[in-house]
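> what would the 3D arrangement of this be:
(chains A, B and C)
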Amino acid sequence: MISYRLLDELANIQSNLSKKVIRKNYLDEVNTVAGVDVSFSVNNFAVSAAVIVDFNDLKIIEKKTEITNLFFPYISGFLGFREADAIISVIKKLKNNFDVLVVDGNGILHPRRFGLASHVGVLLDIPSIGVAKKLIRGAKVKNNKIFYQGEVLGVKVGDVYVSVGHKVSLKTCEQIISKLIRYKVPEPVRLAHILATNTAKNLKVKKRNIYI
DNA sequence: GCGACAG
DNA sequence: ATCTTGTCGC
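I've put the predicted structure just below:
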């Protein structure tokens, strides 16, 4: 079980690490973009997937999957402690380099400015962008700007909510995500989602066969 | 007790 | 996130 005492400590860790987040561009030209997503299998396994695409034609350059243990439940505001490890593990399996990472979840659009995308970005010290499918509670959208706790912390692009993860300006986040959208979710993340979901599904089938 | 929650 | 069939439409 997770105690409020522990959540307090983890919230402090987030607050401290959020000071490392850089909201400006620390990247050169963008030629390749990686997308990651995590799916969940039977009980305590997480299946993560990473897909690198060419920024110009959105064609797949490389894809990888990884299976890791889950050691933390889903608690809104603490997604990084549940999924960051799985994401970092699969990124480390990639052979190719990429210029920026797109993560399924918020960046600094977060109670303590340290959502999943920032969590992964800071730990790996790479440019990252957060893309959420649902607006975090308490935020409001006006003219596609996302207002949260008195600050503009994101931008709505199509149907998704974009925020700075690390080492990318909000303006650049907006430009990059705009170019990556074919359907609702930006291509590399959508492809990673499909890959992770299918891989998790196959795992379940295999596990089931043992008992037949 | 009820509804809501970034995934 | 996940549990789940058919069905509408290109």
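
> contacts only, for the most centrally placed residue in chain A.
Central residue of chain A (C-alpha atoms, centre = their mean): A:V103, 2.1 Å from the mean position. Counting by C-beta atoms under 8 Å, 6 or more residues apart in numbering, A:V103 touches A:36, A:87, A:116-117, A:120-121, A:128-131, A:165, A:189. Any C-beta I mention is one placed from the backbone N, CA and C, and that applies to glycine too.

> ditto for A:N56
A:N31.

> A:L153 too?
A:108-109, A:113, A:139, A:146-147, A:163-164.

> likewise for A:L124?
Contacts for A:L124 (C-beta under 8 Å, 6+ apart) come out as A:88, A:91, A:101.

> the first one against A:V122, yeah?
No. Between A:I88 and A:V122 no contact is recorded; they are 11.1 Å apart, counting by C-beta atoms under 8 Å.

> neighbour count winner among these two?
A:V122 (22 against 17; other C-beta atoms under 10 Å).

> next up, the contacts around the more buried one.
Counting by C-beta under 8 Å, 6+ apart, A:V122 makes contact with A:17, A:20-21, A:114, A:166.

> Three-state assignment for it, please.
Under DSSP: H, G, I helix; E, B strand; the rest coil, the three-state class of A:V122 is helix.

> and the residue lying closest to it once chain neighbours are set aside, its phi and psi?
Nearest non-adjacent residue to A:V122, counting by C-beta to C-beta, 6 or more residues apart in numbering: A:K20, 5.0 Å away. Dihedral angles of A:K20 (phi, psi; degrees, to the nearest 10) stand at phi -80, psi -10.

> number of nearby residues for A:K20?
Quick note: A:K20 (other C-beta under 10 Å) scores 13 neighbours.

> quick check: the farthest pair among the contacts of A:V103?
A:G121 and A:V189 (14.7 Å; C-beta to C-beta).

> and stretch A:141-151, anywhere near DNA strand B?
No. Contact of stretch A:141-151 with DNA strand B (C-beta under 7 Å from any atom of the strand) is absent, the minimum separation being 10.6 Å.
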